[in-house]
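# coords please:
(chains A and B)
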Number of protein chains: 2
Amino acid sequence: MLREYDCWLHKRKFEIDFEIPLFVCADEKGLVGSQAVKEYCLGIKRLVGIEPKLTKSKDNSCNAVYLNSSSASSAGSARDEFSIKVTETQIFITSSDENGLLYGVFRFLSLLSMREIKNGFELTDAPASSLRMINHWDNFDGSIERGYAGNSLFYKDGGFNYDKTRIEDYARLLASVGINRVSINNVNVRANAKLLITEKYLKEAKKLAAIFRKFGIKLFFSINFGAPWSLGKLASADPLDPAVGQWWKKRAELIYKYIPDLAGFLVKADSEGEPGPFQYNRTHADGANMLAKALEPFGGEVIWRCFVYNCTQDWRDLKTDRARAAYDHFMPLDGSFEKNVILQIKFGPYDFQIREPVAPLFGALKKTRHVMELQITQEYTGHQIDLCYLPYVWEDILNFDTAHGDNSKIKDLLKPTSTHYPLPTNHYIEGLAAVVNVGLDNNWTGHTLAQANLYGYGRMAWNPSITAKTIAEEWSALSFGKDTGQKVSDILLKSYPAYEKYNAPFGICFMVSPNNHYGPGIEGYEFSRWGTYHRADMNEIGIDRTPSGTGYTDQYSPKNAALFADAKTCPENLILFFHRLRYDYVMKNGKTLLQNIYNTHFEGYDEVVAMMEDWKRLEPLLEAEVYKSVLSRFERQLNNAREWKDQINTYFFRKTGIADEHGRKIYF
Amino acid sequence: MLREYDCWLHKRKFEIDFEIPLFVCADEKGLVGSQAVKEYCLGIKRLVGIEPKLTKSKDNSCNAVYLNSSSASSAGSARDEFSIKVTETQIFITSSDENGLLYGVFRFLSLLSMREIKNGFELTDAPASSLRMINHWDNFDGSIERGYAGNSLFYKDGGFNYDKTRIEDYARLLASVGINRVSINNVNVRANAKLLITEKYLKEAKKLAAIFRKFGIKLFFSINFGAPWSLGKLASADPLDPAVGQWWKKRAELIYKYIPDLAGFLVKADSEGEPGPFQYNRTHADGANMLAKALEPFGGEVIWRCFVYNCTQDWRDLKTDRARAAYDHFMPLDGSFEKNVILQIKFGPYDFQIREPVAPLFGALKKTRHVMELQITQEYTGHQIDLCYLPYVWEDILNFDTAHGDNSKIKDLLKPTSTHYPLPTNHYIEGLAAVVNVGLDNNWTGHTLAQANLYGYGRMAWNPSITAKTIAEEWSALSFGKDTGQKVSDILLKSYPAYEKYNAPFGICFMVSPNNHYGPGIEGYEFSRWGTYHRADMNEIGIDRTPSGTGYTDQYSPKNAALFADAKTCPENLILFFHRLRYDYVMKNGKTLLQNIYNTHFEGYDEVVAMMEDWKRLEPLLEAEVYKSVLSRFERQLNNAREWKDQINTYFFRKTGIADEHGRKIYF
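The predicted structure is shown next:
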């Protein structure tokens, strides 16, 4: 049974079929290494009920558990790598660095909880990526932009205000799935958040950093590019103005006095109204490099978001294609960034829609460090009211083949920094960043089952080859035990296809309610300034992004460009992203586009009904509180799915006058 | 030239062609009467530059101005009536009550300013209605619901907070056009406004009442029907619970201790989420009568709003018709209200749209006191960014013939209370109430020319037979002098037709941006809960409200029911309110509905261009500040008109695929 607060680390005593040695041999002196030992002891107590006894014996012959972060056997191993070896009387968890030991301990505990530890077990594992980052869009007033699980863990009433124990519990959860970076404030840096880089708030941030530090997690600050004039009272924030660079250098000195291991800055510039180098006719390289130079003496990095597009577009303009923006802005800058600049690129060209193509910058950038941005918080995927298991779609993203050379799938491009940097060319992705879904709700994520998205993100950032199914089974087993867990896992895996079916069809995107992004708003963006139009008329829908249209497809490798540009080879779940099609276009199943829209929407709704029934059957197996809270979310989801189904079907019926071929009810 | 703050009472010295006697004979002892004398002197000083000398001589033979509110000649005259008589050496402004004298003085000053006072001038005038009311939707935090001219004149930071001089200036403006009632707080009574009826705030309200009192204006309080439980901690607010009635009686005692002449309560109940008698399965008569009994001992009245409808409608539901709601709710209650209950009925069945039919309750109610509610604030008519001269449409409303018996136009039904109350039958309308358009902006109304709407409202409430053209000329002459004024007046008169043309076509209503109600949102309400749908498909648009549809037309008198139910006789500016029509329906001008939609939208935009050109030609005649502020609004209006034109045209072009027959540009 699940205590919602504890998530996948909950206290669950069970009959263990393997004897854990009572003694723990460890001589960890570092902060993270000693935390690893502590976590081992806490975890064993939690899972097995015994209190391990610590000893410092160096003798490898004891009946004991050996925890060691400077194991000779690990020499030359990758960063964060760990090994687990289990014999009849001994357990070895070893690594070549402290973080690796922490991850090894958490993995061991997880495997133990899943009853996979047995005599002879051996595992060596290392993350595929160096940067496994969480982005908080938390504001200093305690609100969270796109937060659906209560207010901020960090802030309230204009400043830091948190429960230290809760932050520690949070850091533990993150470290347990391998997260090593956290940006702590909204990328839209407004109000008091602008003062985060001043002494008053740095004093507070220092304390927060100390909590995360024990868990191997370093912090990023989101900064406001306009700070030199808004905060520093300079005449401008022009990145080529020496006074501006100087201002940031001084500021960096101050910041690193308080937090010597700050990971760096995260920057949203020239994006949706935020200040940036364009204001001064400078490039984004100018902007990022200026900050990079300020952080370089302290080992800091600049993560620069590529979410740059014209957000005051005129819907009458048929030429400008927002999907092109990131590539058009950043591809020409490839190779012109400092070595401590990392571009953060949203996975798709739009904005975390349910189905977008993978952005064409991936695989194309050759001389620029970069990471991929995902969204764990369910902005467009149901606000943690609707169940929507995101690793399902992340698996698709990670398996997308950029077709830039061999081994060019996203998951193949994910490589740790150390193995390729600084090489003259670099088309690797150093990691993932994701906007998190947590808040002050007791269960962290609003919808208890949305914990699986946070868990899954960490696991995929560590190992992009792991399947969504495996993750669902792991998380469910850890949270509910193996038997119940299998049933929960089945529900998770049904949730994304259902959500996608009742939502905007076939990659058309942005038929969502404006501003809040929950529920349908079919023409909600149609005449807006945001550049996301579907232009449905009585005959056709979609944007032609082939060379005969906006030419967006040509931003891809030749192979993918051809694949996407031809409706016959374009994946059908993205067909309306790339093509403008008549409603009578015949899809691969022999049905028209219109009939397929009707079909998916009736099916999606029915699948929510089925998931809810599946959940109801679990009632005897679940804690009442968990059962009821999830059930009440399913009830709300059902209502949302009904609105989507009926509004979408009615919209297209009104456009075409063509009824469903099965005679199902479409409202007028 | 116009000092924007002074509105139509501005200081404007001119060569007078008539000699005003220096002496003023007046013996007014009452509060309002003495204010009338004071206003006379202030006005003369303002307009002529001389300081009149007061004397108490009763001798009618002096070369003097006589101001007298108990004139024998006025015996038996109507309430608020005044007479003006001008001879070569004398001026008489007389009345039978103090308010009448005040109105006579202001009228005299207005006529003088327009240079219409001359030897031999005679006028006797009285208002057509007893209740000439302004509604404030001001909140205690200083915001104004649907306010577009700055924050509240009355409130700030949770309570009363005002500039006494400004309130006096405001009361003067209102009295100068005959306003005699003001409700001072939003009908949605939230937060601290709920405490208005407690001692702390009554102390403050008392001071405000004193300012208005001098100008013959009595206050209404908007109250929250749920106060007995939310404020009084009773178990309910059930109007038939004796404890609830008792609570309100005690409350009334307290209130009238502070403001003995409070006009009464204004109540929005069971409307858009506000509490009301429906919560207790009681009728609105039960609710209103309970409050009426509490106010009766003090001479107070209850104004009960009829804006009651299902605001959680399902768009799939084709039977429920929001337009029917007020009639369906209140017609069955006709005759069951206490004598001090007045129903306040919005002019149309929806909500202040640019073109709605007049609500069918008017003329139909026979045994219930009632007033008509208009909206001066430009919620749906351009937010005081767009110029929209409202008396233009009010004239249409006032000239609507309810066809319930003879003399059944709205303007004929407007009668002062005293002439018909308490009669056994009463189909008269006792007055007008209107949501005001003022705020703390220096010019009161945001758009300087929107002052004409406030002026015009007062004039029409006084005299519903006055034309919009006359009012425009009056206001413009008072504000800009006669010559420039004539040109401004021409612009005003063009503004409503232009706005209507570029807006939602032919009475369809609610194609407006949801929530803020500025700019187009063609399907913005189409799948919402608000009950205002147009259900446009590829062939047709509109709601059939004839007997073959929702039957709404049958709420009208038989003559009007027949008129509206037949598309051939239905006024074409309302045709889509009553009928569902094909786009190829041929209208009276021989063009299709679709072509007429295109035509009106191209024309409406062109008319804004023309108005702006007209305005630019006035530059040499105007104060720079006024010229520029109005010009900048025209620039914003032009942008809005362009969006309306293009979005509406594109929307229908996409629906039909039929181009404009004149080949004008319709964006795809």
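
# show me what contacts the residue of the stretch 51-200 of chain A found nearest chain B?
The nearest approach of the stretch 51-200 of chain A to chain B comes at A:Asp141, 17.2 Å away (CB to the nearest CB). Any C-beta I mention is one placed from the backbone N, CA and C, and that applies to glycine too. Going by CB atoms under 8 Å, 6 or more residues apart in numbering or on different chains, A:Asp141 touches A:155-158, A:191-192.

# confidence score at the closest residue to A:Gly30 other than its chain neighbours?
Nearest in space to A:Gly30, with sequence neighbours left out and distances taken as CB to CB, 6 or more residues apart in numbering or on different chains, is A:Glu98 at 4.7 Å. pLDDT recorded at A:Glu98 is 96.

# How about A:Ser418?
61.

# mind listing what the residue nearest to A:Gly30 touches?
Applying CB under 8 Å, 6+ apart, the residues near A:Glu98 are A:28, A:30-33, A:36, A:69, A:216.

# Closest to chain B out of those residues?
Closest to chain B, out of all of those and judged by CB to the nearest CB, is A:Gly216, at 46.0 Å.

# Run a quick neighbour tally on that closest one.
A:Gly216 has 26 neighbouring residues, counting by other CB atoms under 10 Å in any protein chain shown.

# Settle this for me: it is touching A:Val177, isn't it.
No: A:Gly216 lies out of contact with A:Val177 (CB atoms under 8 Å); the separation is 12.0 Å.

# send the alpha carbons of the helix or strand hosting A:Asp412 over as PDB?
Using DSSP states H and E, A:Asp412 falls within helix A:410-413. The C-alpha trace of helix A:410-413 is given here as PDB (Å, rounded to 0.1, in the frame of the first residue of the first chain):
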ATOM      1  CA  ILE A 410      18.000  10.600 -29.900                       C
ATOM      2  CA  LYS A 411      18.800   7.900 -27.400                       C
ATOM      3  CA  ASP A 412      22.000   7.200 -29.200                       C
ATOM      4  CA  LEU A 413      22.900  10.800 -29.300                       C
END
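
# Please name every helix or strand in contact with that helix.
Using 3 or more CB pairs under 8 Å, 6 or more residues apart in numbering or on different chains; DSSP states H and E as the contact test, the elements touching helix A:410-413 are helix A:391-398.

# Just say helix, strand or coil for the residue of the stretch 201-350 of chain A found nearest chain B.
Closest residue of the stretch 201-350 of chain A to chain B, CB to the nearest CB: A:Arg316 (4.3 Å). What DSSP: H, G, I helix; E, B strand; the rest coil gives for A:Arg316 is coil.

# ok, the residue in the stretch 501-650 of chain A positioned nearest to chain B - contacts?
In the stretch 501-650 of chain A, no residue comes nearer to chain B than A:Asp537, which is 3.8 Å away by CB to the nearest CB. With contact set as CB under 8 Å, 6+ apart, A:Asp537 has these partners: A:655, B:653-655, B:657, B:668.

# got TSV for the residues you listed, with secondary structure and pLDDT too?
Formatted as TSV, these follow (DSSP: H, G, I helix; E, B strand; the rest coil; pLDDT from 0 to 100):
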residue	secondary structure	pLDDT
A:Lys655	helix	97
B:Phe653	helix	98
B:Arg654	helix	98
B:Lys655	helix	97
B:Gly657	coil	97
B:Phe668	coil	91
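
# Whichever of the residues you listed end up buried, select them in ChimeraX.
Of the contacts of A:Asp537, the buried ones go into a single ChimeraX selection, burial set by 16 or more other CB atoms under 10 Å in any protein chain shown:
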select /A:655 /B:653,654,655
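
# Turn the contacts of A:Asp537 into TSV, including distance to A:Trp304.
Below are the contacts of A:Asp537 laid out as TSV (distance: CB to CB, whole Å):
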residue	distance to A:Trp304
A:Lys655	42
B:Phe653	42
B:Arg654	39
B:Lys655	44
B:Gly657	45
B:Phe668	36
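
# Many thanks, I have nothing further to ask.
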